[in-house]
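**Q** need a 3D model of the following:
(one chain, ligands or ions: 1)
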Amino acid sequence: MTPTQGTFARVSFDFAGTSVLVTGGTKGIGHAIATAFVAAGAEVTITGSAAAASAYADLPAGVAYRQLRLTERADIARLAQSQARLDVLVNNAGGTGGAATPYDFDTAVSVNLGAVYHLTGALAEALGASTLEGGAAVVNLASEMSLFASPYFAGYGAAKAGIVQLTRTFCAQLAPRVRVNAVLPGSVPTPMTNAFAEDPGVHAMVSNATPLGRWGAPQEIAGAVLFLASPAASFVSGHTLVVDGGYSILK
Ligand SMILES: NC(=O)c1ccc[n+]([C@@H]2O[C@H](COP(=O)([O-])OP(=O)(O)OC[C@H]3O[C@@H](n4cnc5c(N)ncnc54)[C@H](OP(=O)(O)O)[C@@H]3O)[C@@H](O)[C@H]2O)c1
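**A** Sure thing, here's the model as predicted:
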């Protein structure tokens, strides 16, 4: 059974008074993460590539919006300056550039790895000053392509493998005040993956290769992110939590 909203019927998190930044919260997994943090009482800022929130038809309710073009260092610096107080950073924004015209290698690495390095570094001081119970938290979004090779998306795969190692590096660097973990999602239907999710053959192939027999829901990735950011994970740092219905076990 999959959750249908950004909240969890029998599980509750309390992030009241917590300042949370979710990059790429305009749609897909980031939208679900931001929605779940809002439902848990957090003050949430999301980012997207557009200059203003008005560019989006369906942003999560109750969030502030900031522009962050992942390849623009000036955007990263401006965003970091605007976040004087921060308890939780979710480095979610990223992507392949599209199945038809994937990013070139350098752009893919800049979008999916460089931006995470630079933004986390720029926000390290604010996170270090957090008094969040269990420690301030950074959660990075990895990918099945952190683990498995693909003849496509060379830059995306290299960057997502790098996210796992960068998570460990920042764990060591920012300890003990900041915990740094990663979530590694399996296949989740979002605007990034819809072309695959809506192809009946690909949809069935993924479901059949997954012990739980289906694709994941964005809310199921959000659940793992909120857990890692919560005091329930206060002794968890440097870890990559695979949330894929068991797919990688049989691969
Ligand atoms: N969906 C999956 O099955 C899956 C599996 C493994 C890992 N992931 C990872 O999970 C994260 C979220 O993926 P998703 O499927 O939710 O993707 P999505 O639906 O395409 O959403 C991507 C988000 O990132 C932002 N973004 C992408 N490229 C950007 C850029 N160059 N500059 C600024 N913002 C940018 C988008 O902003 P705009 O709306 O402004 O474009 C959007 O908010 C990604 O890191 C992805 O690699 C996803």
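**Q** show me what the biggest helix by length in the chain is packed against.
**A** Of all the segments assigned as helix in the chain under DSSP state H, the longest by residue count is helix 154-174. Other elements packing on helix 154-174 under the criterion 3 or more C-beta pairs under 8 Å, 6 or more residues apart in numbering; DSSP states H and E are helix 105-109, helix 115-128, strand 136-141, strand 178-185. (Glycine included, C-beta is placed from N, CA and C.)
**Q** and the stretch 151-251 of the chain, which residues reach the ligand?
**A** Taking C-beta under 6 Å from any ligand atom as the measure of proximity, the stretch 151-251 of the chain contacts the ligand at Pro185, Ser187, Val188, Thr190, Pro191, Met192, Thr193.
**Q** what helix or strand does the fifth one sit in?
**A** Spelled out, that is Pro191. Assignment of secondary structure by DSSP states H and E places Pro191 within no helix or strand.
**Q** picking that back up, can you lay out the residues of the stretch 151-251 of the chain next to the ligand as a markdown table showing distance to Ala57?
**A** Formatted as a markdown table, those follow (distance: C-beta to C-beta, whole Å):
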| residue | distance to Ala57 |
| --- | --- |
| Pro185 | 24 |
| Ser187 | 25 |
| Val188 | 21 |
| Thr190 | 16 |
| Pro191 | 12 |
| Met192 | 17 |
| Thr193 | 20 |
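**Q** scan those residues and report the most crowded one.
**A** When neighbours are taken as other C-beta atoms under 10 Å, the top entry among these is Pro185 (24 neighbours).
**Q** could the helices and strands packed on helix 154-174 go into TSV alongside mean pLDDT?
**A** Supplementary listing: those in TSV, determined by pLDDT from 0 to 100:
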stretch	mean pLDDT
helix 105-109	98
helix 115-128	98
strand 136-141	98
strand 178-185	98
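**Q** so which of those is nearest Ser234?
**A** Of all these, the one in closest proximity to Ser234, counting by C-beta to C-beta, is strand 178-185 (7.5 Å).
**Q** which other helices and strands does that closest one contact?
**A** Using 3+ C-beta pairs under 8 Å, 6+ apart as the contact criterion, the neighbours of strand 178-185 among helices and strands are helix 115-128, strand 136-141, helix 154-174, helix 218-229, strand 240-243.
**Q** now mean neighbour count too, for those, in a markdown table please.
**A** As requested, those are arranged in a markdown table below (neighbours: other C-beta atoms under 10 Å):
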| stretch | mean neighbour count |
| --- | --- |
| helix 115-128 | 20 |
| strand 136-141 | 26 |
| helix 154-174 | 19 |
| helix 218-229 | 24 |
| strand 240-243 | 18 |
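**Q** same list, these, but as JSON lines with distance to Ile76 please.
**A** Written out in JSON lines, the entries for the helices and strands packed on strand 178-185 read as follows (distance: least, C-beta to C-beta, whole Å):
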{"stretch": "helix 115-128", "distance to Ile76": "5"}
{"stretch": "strand 136-141", "distance to Ile76": "15"}
{"stretch": "helix 154-174", "distance to Ile76": "15"}
{"stretch": "helix 218-229", "distance to Ile76": "21"}
{"stretch": "strand 240-243", "distance to Ile76": "24"}
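**Q** quick one: which of the ones you listed is nearest Ala16?
**A** Put simply, out of the helices and strands packed on strand 178-185 the one that sits nearest Ala16 is helix 218-229, at 13.3 Å, with distance taken as C-beta to C-beta.
**Q** so Lys251 touches Met145, yeah?
**A** No - counting by C-beta atoms under 8 Å, no contact exists between Lys251 and Met145, whose distance comes to 11.8 Å.
**Q** how about the strand or helix carrying Ala204: buried residues?
**A** Counting by DSSP H and E, the element that carries Ala204 is helix 200-208. Across helix 200-208, burial judged by 16 or more other C-beta atoms under 10 Å covers His203, Val206.
**Q** one step back: what angle do the longest helix of the chain and helix 115-128 make?
**A** Here helix 154-174 points in a direction 20 degrees away from that of helix 115-128 (axes from the mean of the first three to the mean of the last three C-alpha atoms, to 10 degrees).
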